[in-house]
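Engineer: starting from these lines, generate the structure:
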Amino acid sequence: MARPHEDSTEPYDFRAQRLFVEDALAEGALVALDRERAHYVGDVIRLEVGGHIHLFNGRDGEWRARREAGGRREALLRVEARLRRQSPPPDLDYVFAPLKHARLDYMVQKAVEMGAGRLVPVMTRRTQASRVNTERMRANAIEAAEQCGILSLPAVLEPVTLARWLDALEPARRVVFCDEAAPLADPLAPLKAAVAGPLAVLIGPEGGFDDAERRQLAARPGTIVLSLGPRILRADTAAVAALALVEAARQGAAAPLPAEGTR
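Structural biologist: Model (predicted):
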């Protein structure tokens, strides 16, 4: 959920409808919605003229806007006050072998909810999906951001092969390699020492990585090989589990130590 406002003196309304727009946002600006978004505002959430909605564009923070006019095919919003300043995108890449249709939609939405800053589809030897619709991925990312109070819209990259992605990877980025063949161990322990820097969480295809890919990944300096438990998880389930572990490690690293003499 969204954190409390930074600029407004009013309490943040967590129940408010949020809408992603491409327009620049500033006090007094007018935002004219296209037909699709006008339909959403007028017919889906039924925002009356004079009603308020929250707007964000991934650049200018979150703003409260008032509907001034419009019908089913168009709507005009007046930007009134900034509620939250823009936050930088998380330095967390979610790297995954694409799935098919609805399962990919679900996985993208959950990755955005769990704090991914970039979505990177990679083609492995056992990847079953031959085509990736990045526009559909971006639409799912926007929907997740609207619903979960996220300000920084994740970047959606074009698919690359696993080998090319590894070759282009910056040396400082640690790779969290979720390997179904890894021995069972505490997954949080190796993450706690790495969460302060840039990370890439890598989830393989439904058939898993082949042996050559597994050796290539494990040989990369700084790779963190994790087991996600004793059961074989579906790729979309593994995404949520792995990103939840990263978030838990980051929260644990950020938590203040208890004062001496307290418990």
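Engineer: so what's the residue count around I224?
Structural biologist: Using other Cβ atoms under 10 Å, the number of residues around I224 comes to 17. For the C-beta atoms, the positions are set from N, CA and C on the backbone; glycine is no exception.
Engineer: which stretches in the stretch 1-150 of the chain count as strands?
Structural biologist: 18-20, 30-33, 52-56, 62-70, 75-84, 92-96, 118-123 (DSSP state E, counting those that start in this stretch).
Engineer: ok, and which of those strands has the densest surroundings?
Structural biologist: Highest mean neighbour count of the strands of the stretch 1-150 of the chain: strand 92-96, a mean of 25 (counted as mean count of other Cβ atoms under 10 Å).
Engineer: ok, and the closest non-adjacent residue to the residue nearest the centre of the chain?
Structural biologist: Central residue of the chain (Cα atoms, centre = their mean): V112, 2.0 Å from the mean position. Closest residue to V112 apart from its sequence neighbours, by Cβ to Cβ, 6 or more residues apart in numbering: A144 at 3.9 Å.
Engineer: one more: A248?
Structural biologist: L188 (6.4 Å).
Engineer: same question, G58
Structural biologist: L153 (3.9 Å).
Engineer: burial count for that neighbour?
Structural biologist: 20.
Engineer: helix or strand for it, which one?
Structural biologist: Under DSSP states H and E, no helix or strand contains L153.
Engineer: residue contacts, it?
Structural biologist: Contact analysis of L153 by Cβ atoms under 8 Å, 6 or more residues apart in numbering lists F20, G58, P89, A141, I142, A145.
Engineer: the residue nearest to A248 touches L245, doesn't it?
Structural biologist: Yes - counting by Cβ atoms under 8 Å, L245 is a contact partner of L188 at 6.4 Å.
Engineer: wait, G149 sits on A16?
Structural biologist: No - assessed by Cβ under 8 Å, G149 is found out of contact with A16, at 9.6 Å.
Engineer: the helices in the protein, which residues?
Structural biologist: 35-39, 101-113, 134-148, 162-168, 188-192, 211-219, 235-254 (DSSP state H).
Engineer: just so I know, which of those helices lies nearest M123?
Structural biologist: helix 162-168 (6.7 Å; Cβ to Cβ).
Engineer: can you give me the offset of the closest one from its chain's centre?
Structural biologist: Distance of helix 162-168 from the chain centroid (Cα atoms, centre = their mean, to the nearest Å) equals 22 Å.
Engineer: equivalent analysis for stretch 162-174, please.
Structural biologist: With Cα atoms, centre = their mean, you get 20 Å for stretch 162-174.
Engineer: need the contact list for the residue nearest to T161 when sequence neighbours are not counted.
Structural biologist: Once flanking residues are discounted, T161 sits nearest to M123: 5.1 Å by Cβ to Cβ, 6+ apart. Residues counted as contacts of M123 (Cβ under 8 Å, 6+ apart) are A97, P98, P159, V160, T161, L162.
Engineer: if you set the cut-off to 10 Å instead, what comes out?
Structural biologist: For M123, the contact set (Cβ atoms under 10 Å, 6 or more residues apart in numbering) comprises 97-98, 129-130, 132, 159-165, 205.
Engineer: ok, F96 next?
Structural biologist: Here F96 is in contact with 104, 107-108, 111, 116, 119-122, 124, 127, 201-205, 235-236, 238-239, 242 (Cβ under 10 Å, 6+ apart).
Engineer: run through the stretch 51-200 of the chain and note the low-pLDDT ranges.
Structural biologist: 71-72 (pLDDT under 70).
Engineer: what about L30, distance to L19?
Structural biologist: According to Cβ to Cβ, to the nearest Å, L30 and L19 sit 15 Å apart.
Engineer: same check, this time on Q128
Structural biologist: 35 Å.
Engineer: likewise for D60?
Structural biologist: 14 Å.
Engineer: ok, now which ones touch R64?
Structural biologist: So R64 contacts 5, 8, 10, 13, 16, 52-55, 77-83 (Cβ under 10 Å, 6+ apart).
Engineer: can we see that at 8 Å?
Structural biologist: So R64 contacts S8, A16, H52, I53, H54, L55, V79, E80, A81, R82, L83 (Cβ under 8 Å, 6+ apart).
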